[in-house]
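# give me a 3D structure for the following:
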Amino acid sequence: MTKHLPSLRAIQTFEAAARHLSFTHAADELHVTPGAISRQIRALEELFGQPLFERIHRGVNLTTFGNKYFTGISHHFSELRKLTEAMIPRQISPSLHILCSQTFAIRWLMPRLPDFHRRYPQFDVTLTTSSKPLDFSSCNADVAVRLGQGDWKDTVSYPLVTMPLTPVCSPSYPGTIGGFTSVQDFRRATILNSLARPDDWNSWLQAAGFEGQVGREMGFENSALTYQAAIEGMGFALAQLPLVEAELARGDLIAPYPFTLDNHITFYLIFPAGAPRNDMLKSFETWIISKALNGLSPSEK
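Have a look, this model is predicted:
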């Protein structure tokens, strides 16, 4: 007996789950429950006679067969999204969708965003965070902010803020390790590692002339968590200075060893190449570049 082909809904469900590698995120995108996603995937797996995903702790991975199927269909969905987005007049809804990393959103953009609302109350803003490789064809973002060197494919990018690195800690922390006067005192200190930026500490310690082993290391998922751990007195976080300027100004953090490493990594404002730039996007571009040039105002610190 010939098997019926799967519904377009089932294929769309698989494509979303494979793209996110998450049934939960696919459910959010398609406005259904994770259970509905699982049922559609299970029906496809029964049709194919083999699994599409490997269930792992806190997520899923594609099987070899699932990856082959995803590779074959993903281009078609990407083209459908591009065509549909191109056919929708952007001026219908003055809503700005910004995509950036969680740390940048929390530490840099959020303190400044109320000023954008005051200046441009006619524009709604949707802010989402992601650490995945930038691909405007697979997301609904109008503009993104990413850390890098400005070389993303099919984009137009503008440098915003350079990110020199320096160690920061709570004002009380040096006293807990018997003081801190030299880079070699890191032998008695705890360093707080961002697992999202695993090479930063080694680069900084080498450039600063440190020799030996640090006293202790602790790991955190992202830089935002390391900064909070430093504020709580747990050790030294290696800070991207513009992301902790408010805490340094308030005295919540200090930089007791004033050596900064300029690794030439910059946050860029990024637009999809060839996309029309309406008044809303032009206003946001002008505003965020001005903020990058001028830093935090006293009311934002």
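
# all the helices of the protein, in order from the start?
Listed in chain order, the helices found in the chain under DSSP state H are 8-20, 23-30, 34-48, 64-87, 102-104, 110-119, 173-176, 200-208, 223-231, 245-250, 279-294.

# between those, which one is nearest to H57?
H57 lies closest, by Cβ to Cβ, to one member of these: helix 23-30, at 13.7 Å. The way it works is simple: take the backbone N, C-alpha and C, and place the C-beta from them, glycine included.

# and the closest one, what does it pack against?
For helix 23-30, the packing partners by 3 or more Cβ pairs under 8 Å, 6 or more residues apart in numbering; DSSP states H and E come out as helix 8-20, helix 34-48.

# so what touches that helix?
Residues outside helix 23-30 that contact it (Cβ atoms under 8 Å, 6 or more residues apart in numbering): 12-13, 16-17, 19-20, 33-34, 36-38, 41, 60.

# reformat the helices of the chain as TSV; add mean pLDDT.
Below are these laid out as TSV (pLDDT from 0 to 100):
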stretch	mean pLDDT
helix 8-20	90
helix 23-30	88
helix 34-48	91
helix 64-87	86
helix 102-104	88
helix 110-119	92
helix 173-176	94
helix 200-208	92
helix 223-231	94
helix 245-250	91
helix 279-294	90
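
# those into a markdown table, with extra columns for distance to L127 and mean neighbour count?
Shown next, in a markdown table, are these (distance: least, Cβ to Cβ, whole Å; neighbours: other Cβ atoms under 10 Å):
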| stretch | distance to L127 | mean neighbour count |
| --- | --- | --- |
| helix 8-20 | 19 | 19 |
| helix 23-30 | 16 | 18 |
| helix 34-48 | 24 | 16 |
| helix 64-87 | 19 | 13 |
| helix 102-104 | 10 | 21 |
| helix 110-119 | 7 | 14 |
| helix 173-176 | 32 | 17 |
| helix 200-208 | 25 | 17 |
| helix 223-231 | 15 | 22 |
| helix 245-250 | 18 | 16 |
| helix 279-294 | 12 | 15 |
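
# which of these sits closest to L261?
With Cβ to Cβ as the yardstick, what comes closest out of the helices of the chain is helix 200-208 (4.8 Å).

# any residues touching that closest one, and which ones?
Here helix 200-208 makes contact (Cβ under 8 Å, 6+ apart) with 165-167, 183, 186, 191, 193-194, 214, 238, 257, 259, 261, 263.

# recalculate using a threshold of 10 Å.
In this structure, residues lying in contact with helix 200-208 by Cβ atoms under 10 Å, 6 or more residues apart in numbering are 163, 165-167, 183-184, 186, 191-194, 197, 210-212, 214, 217, 223, 226, 236-240, 257, 259-263, 265.

# hmm, back to that, among the helices and strands packed on helix 23-30, which comes closest to F104?
The nearest among the helices and strands packed on helix 23-30, by Cβ to Cβ, is helix 8-20 at 21.0 Å.

# in the stretch 101-250 of the chain, where is pLDDT below threshold?
Within the stretch 101-250 of the chain, no stretch has pLDDT under 70.

# reformat the helices of the chain as JSON lines; add distance to P133.
Shown next, in JSON lines, are those (distance: least, Cβ to Cβ, whole Å):
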{"stretch": "helix 8-20", "distance to P133": "12"}
{"stretch": "helix 23-30", "distance to P133": "16"}
{"stretch": "helix 34-48", "distance to P133": "23"}
{"stretch": "helix 64-87", "distance to P133": "14"}
{"stretch": "helix 102-104", "distance to P133": "15"}
{"stretch": "helix 110-119", "distance to P133": "23"}
{"stretch": "helix 173-176", "distance to P133": "36"}
{"stretch": "helix 200-208", "distance to P133": "20"}
{"stretch": "helix 223-231", "distance to P133": "18"}
{"stretch": "helix 245-250", "distance to P133": "28"}
{"stretch": "helix 279-294", "distance to P133": "22"}
